[in-house]
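Asks: coordinates only, sequence not included:
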Ligand SMILES: [Zn+2]
């Protein structure tokens, strides 16, 4: 089977990335940090950091959102793109920044204990109150 390259980027194009590695299916994170940085819950796929290649990164900046993770964003258009834990070898990629089609599926909700009061989760997928790593 031929390798498929998946690409993506921010709103303005100052961050463009691609990978030929298989992306994880999408997890929706309802934690308070994702709410603040994305404006609502976040949907993330993930890939091994070594397999994430940049075609354009002049806009890419990182915010240390905790002592164990940093969030990558575009300093030109403000897009939230990445979540990178210091304790693991992968980078979470905001699924909305992927070019279509993705071939991915939403499979799980995490940090549902932090979910705000203005929406309900009604899709029948697995819900995890926290996650194995903690809010970061
Ligand atoms: Zn941008």
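Replies: Okay, I see it. These figures come from a predicted structure and were not determined experimentally. Numbering: from 1, shown residues only.
Asks: From the chain's centroid, how far away is stretch 54-63?
Replies: Centre-to-centre, stretch 54-63 and its host chain are 15 Å apart (C-alpha atoms, centre = their mean, to the nearest Å).
Asks: Ends of that stretch, what's the gap?
Replies: Start-to-end span of stretch 54-63 (C-alpha to C-alpha, to the nearest Å) is 18 Å.
Asks: what sits up against it?
Replies: If you take C-beta atoms under 8 Å, 6 or more residues apart in numbering as the criterion, stretch 54-63 is touched by 7, 9-10, 12-18, 37, 70-77, 81, 84. Backbone N, C-alpha and C define where each C-beta goes, glycine included.
Asks: go on, stretch 105-121?
Replies: 25-32, 34-35, 41, 43, 123, 125-131, 135.
Asks: at 10 Å what do you get?
Replies: Contacts of stretch 105-121 from elsewhere in the structure, counted by C-beta atoms under 10 Å, 6 or more residues apart in numbering, are 24-35, 40-45, 95, 123, 125-135.
Asks: Is it possible to mark the buried ones in those residues?
Replies: When those are checked for burial by 16 or more other C-beta atoms under 10 Å, the buried set is 24, 26-31, 33-35, 41-45, 95, 127, 135.
Asks: which bits of this structure sit near the ion?
Replies: Proximity of the chain to the ion, by C-beta under 5 Å from the ion, involves residues 10, 12, 14, 59, 74, 76-77.
Asks: mind redoing it with 8 Å?
Replies: Of all the residues in the chain, those in contact range of the ion (C-beta under 8 Å from the ion) are 9-15, 59, 74-79.
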